[in-house]
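Participant: This is a predicted model, with the sequence first.
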Amino acid sequence: MLVSAEVVRMHLDYSMWASSRLLNAAAQLTLEELPRDFGTADKSVHGTLVHIFGADRVWLARVEGRQLDALVKPADYDLAKLTREWTSLGDRWKEWAASLTDDSLNEWRDYRDMKGNPHRTPLWQIGLHVVNHATHHRGQVSGFLRSLGKTPPPLDLIYYYRTKSAA
């Protein structure tokens with residue numbers, strides 16, 4: 001194993017913390033700014049946030065041994081609902097991660113991707129992937145915010161560490 005259960009828990013917490021900060025920033029945008037198309041796969045601040053949420057939800061289902069049939073649902077595009085659901089999803093990730101041990105991180109999960117292709121991945125890799133995937137897309141959203149003339153909140157991992165150690 002390359003990482004400990006505590007490291008995975010901390011980084012999942014970081015990911016939910018950072019996503020929450022970005023959701024708060026998105027809530028300050030106008031109805032014209034939120035869906036503005038920046039020419040990326042998920043197009044906008046809103047679309048990219050929905051994509052991150054959908055992926056977080058799909059991966060939680062996978063580590064729990066469930067399969068979801070869609071990454072995104074139409075209801076996910078309601079920003080207020082998305083914020084509530086993401087908070088709840090973050091709590092579910094924390095519950096799942098609380099049961100992790102260094103040994104259990106080496107367990108493998110069998111699942112199918114959204115195209116139906118079978119995969120088998122150890123839990124520690126899934127945990128780190130969830131964090132990395134969200135970080136990538138949060139970076140895109142931060143860039144979109146800057147293009148809109150806004151200042152995104154600090155999301156760097158070191159900022160999270162400093163915030164947590166100050167608390």
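Facilitator: Sure, I can see it.

Participant: The lengthiest helix in the chain: how far from the chain's middle?
Facilitator: Longest helix in the chain by number of residues (criterion: DSSP state H): helix 123-147. Chain-centre distance of helix 123-147: 7 Å, with CA atoms, centre = their mean, to the nearest Å.

Participant: Show me what that helix is packed up against.
Facilitator: Judged by 3 or more CB pairs under 8 Å, 6 or more residues apart in numbering; DSSP states H and E, the packing partners of helix 123-147 are helix 5-26, helix 45-63, strand 108-112. Backbone N, C-alpha and C define where each C-beta goes, glycine included.

Participant: where does the protein have low pLDDT?
Facilitator: 1 (pLDDT under 70).

Participant: at 90 what do you get?
Facilitator: Counting by pLDDT under 90, the chain contains low-confidence ranges at 1-2, 167.

Participant: before we move on, the earlier item: which is the next helix or strand following the longest helix of the chain?
Facilitator: helix 157-166 (DSSP states H and E).

Participant: What are the contacting residues of that next one?
Facilitator: For helix 157-166, the external contacting residues (CB atoms under 8 Å, 6 or more residues apart in numbering) are His11, Tyr14, Trp17, Ala18.

Participant: CA-only coordinates of that helix, as PDB, when you get a sec.
Facilitator: Extracted in PDB, the C-alpha atoms of helix 157-166 (Å, rounded to 0.1, in the frame of the first residue of the first chain):
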ATOM      1  CA  LEU A 157      -4.100  21.800  -0.500                       C
ATOM      2  CA  ILE A 158      -1.600  23.700   1.600                       C
ATOM      3  CA  TYR A 159      -4.200  26.300   2.400                       C
ATOM      4  CA  TYR A 160      -6.500  23.500   3.600                       C
ATOM      5  CA  TYR A 161      -3.700  22.100   5.800                       C
ATOM      6  CA  ARG A 162      -3.100  25.500   7.300                       C
ATOM      7  CA  THR A 163      -6.800  26.200   7.900                       C
ATOM      8  CA  LYS A 164      -7.200  22.800   9.600                       C
ATOM      9  CA  SER A 165      -4.100  23.200  11.800                       C
ATOM     10  CA  ALA A 166      -5.200  26.700  12.900                       C
END
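
Participant: and it with helix 5-26, angle?
Facilitator: 100 degrees (axes from the mean of the first three to the mean of the last three CA atoms, to 10 degrees).

Participant: what's the angle between helix 157-166 and helix 123-147?
Facilitator: 100 degrees.
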